[in-house]
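# Test case, fold it:
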Amino acid sequence: MVYILLTVATLLTSLISGVLSMAGGMILMVVFGFFLSVPVAMVLHGVAQAFSNGTRVWIYRRHIRWRVLVFYSIGALDMTAVFAVFTFVPGIGLVFILIGTFPFLALAVPKSINLDMEKGPVAVLSGLLVTAAQLLAGASGPVLDIFYVQSEMTREQILGTKAVTQTLGHLLKLVYYGAVMAVASSALPLWVVPAVVAAAILGNYLGSLVVARMTDSQFKQVGRYVIMVIGVVCIGKGVLELTS
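A predicted model of the protein is given here:
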């Protein structure tokens with residue numbers, strides 16, 4: 001029943017990500033964190049989100065801003081190399097607190113600071129910070145959003161370009177927690193991974209149907225309150241885990 005619940009959660013959160021390009025991965029990591037150990041949760045979450053974001057890459061492939069991704073990859077690969085040296089695995093309490101804090105950190109960034117993702121140095125910085133968040137907390141959507149909110153991209157360009165950066169991040173997370181931390185594939189029943197993959201793909205397809213009915217303005221505004229509510233819940237859960 002637990003694994004069926006995780007599969008359903010993957011479908012629903014992929015639908016959310018497919019519509020908002022945010023929140024889905026964050027919610028899914030929270031769900032996985034409740035039921036699985038940190039390394040196993042990171043690996044299964046990485047598989048689900050790699051396919052979830054990979055599906056959006058395909059759907060919005062004609063809108064992707066590839067120049068942004070070249071600079072982003074430089075920062076992402078450098079940060080992964082740093083983590084590989086130290087092989088640090090966070091406790092579940094820290095994971096929840098980090099996930100819950102990210103949305104508020106995003107809001108705290110002054111609007112006067114021009115963090116436009118389409119600028120090369122900003123994209124490199126994004127790769128460094130987002131990958132660090134990805135490896136520490138498993139989800140980094142709110143951090144990545146900081147670098148897109150000031151861009152002039154359309155909703156389709158944001159969905160496609162963010163999907164590539166997030167797919168790369170989750171693949172790096174899989175390498176880090178799957179290979180570096182030697183997480184055994186036998187930790188999960190064989191049917192769980194393909195079920196999660198199918199749910200992720202279906203959720204994003206359904207989400208694309210909703211996006212077609214939205215405006216750019218609606219796309220950039222919807223979902224922020226949801227993320228903040230989830231953030232408060234995560235911080236509370238993390239504090240309980242650290243103090244219990």
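# Show me what stretch 160-171 is in contact with.
Here stretch 160-171 makes contact (C-beta atoms under 8 Å, 6 or more residues apart in numbering) with 21, 25, 45-47, 49-50, 53-57, 59-65, 68-69, 72-73, 76, 117, 126-127, 130-131, 134, 140-141, 144, 148, 153. Backbone N, C-alpha and C define where each C-beta goes, glycine included.
# Tell me the gap between that stretch and the middle of its chain.
Its chain's average C-alpha position is 8 Å from that of stretch 160-171, according to C-alpha atoms, centre = their mean, to the nearest Å.
# try stretch 145-163
Distance of stretch 145-163 from its chain centroid, counting by C-alpha atoms, centre = their mean, is 14 Å.
# residues of it that come out buried?
Within stretch 145-163, the residues that qualify as buried by neighbour count (16 or more other C-beta atoms under 10 Å) are 145-148, 150-151, 153, 155-163.
# repeat for stretch 57-74
Residues of stretch 57-74 classed as buried: 57, 59, 60, 63, 64, 65, 68, 69, 71, 72, 73 (neighbour count, 16+ other C-beta under 10 Å).
# tell me the two of those residues that are most distant?
Spanning the widest gap among the buried residues of stretch 57-74 are 59 and 71, at 23.6 Å by C-beta to C-beta.
# Against residue 239, how distant is the closest residue to residue 237 other than its chain neighbours?
Closest residue to residue 237 apart from its sequence neighbours, by C-beta to C-beta, 6 or more residues apart in numbering: residue 96 at 4.6 Å. Residue 96 sits 8 Å away from residue 239, going by C-beta to C-beta, to the nearest Å.
# quick one: common contacting residues for the two?
Taking C-beta under 8 Å, 6+ apart as the contact criterion, residue 96 and residue 239 have no common neighbours.
# Give me the more crowded residue out of these two.
The residue with more neighbours, out of residue 96 and residue 239, is residue 96; 26 against 14, by other C-beta atoms under 10 Å.
# The helix or strand residue 133 falls within - contacts with which helices or strands?
Using DSSP states H and E, residue 133 falls within helix 120-137. If you count contacts as 3 or more C-beta pairs under 8 Å, 6 or more residues apart in numbering; DSSP states H and E, helix 120-137 packs onto helix 66-86, helix 92-108, helix 141-146, helix 155-174.
# what would those helices look like in a markdown table with mean pLDDT and distance to residue 210?
Formatted as a markdown table, the helices and strands packed on helix 120-137 follow (pLDDT from 0 to 100; distance: least, C-beta to C-beta, whole Å):
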| stretch | mean pLDDT | distance to residue 210 |
| --- | --- | --- |
| helix 66-86 | 85 | 25 |
| helix 92-108 | 74 | 22 |
| helix 141-146 | 71 | 18 |
| helix 155-174 | 80 | 11 |
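# Present these as TSV; the columns should include distance to residue 33.
Compiled in TSV, the helices and strands packed on helix 120-137 are given as follows (distance: least, C-beta to C-beta, whole Å):
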stretch	distance to residue 33
helix 66-86	19
helix 92-108	6
helix 141-146	15
helix 155-174	14
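# Out of the ones you listed, which gets nearest to residue 32?
Closest approach to residue 32 among those (C-beta to C-beta): helix 92-108, 9.8 Å.
# Could you list the buried residues of the helix holding residue 133?
By 16+ other C-beta under 10 Å, the buried positions in helix 120-137 come out as 122-137.
# Now flag whichever of these is closest to residue 101.
Proximity of the buried residues of helix 120-137 to residue 101 (C-beta to C-beta) peaks at residue 137, which lies at 8.8 Å.
# sorry, back to before: which residues make contact with the helix holding residue 133 from outside it?
With C-beta under 8 Å, 6+ apart, helix 120-137 has contacts from 29, 68-80, 83, 90, 94-95, 98-99, 102, 114-117, 139-140, 143-144, 146-147, 165, 169-170, 172-173, 176.
# One more: stretch 199-216?
The contact list for stretch 199-216 (C-beta under 8 Å, 6+ apart) reads 7-8, 10-19, 24, 48-49, 51-52, 55-56, 59, 154-156, 159, 219, 222.
# That'll do, ta.
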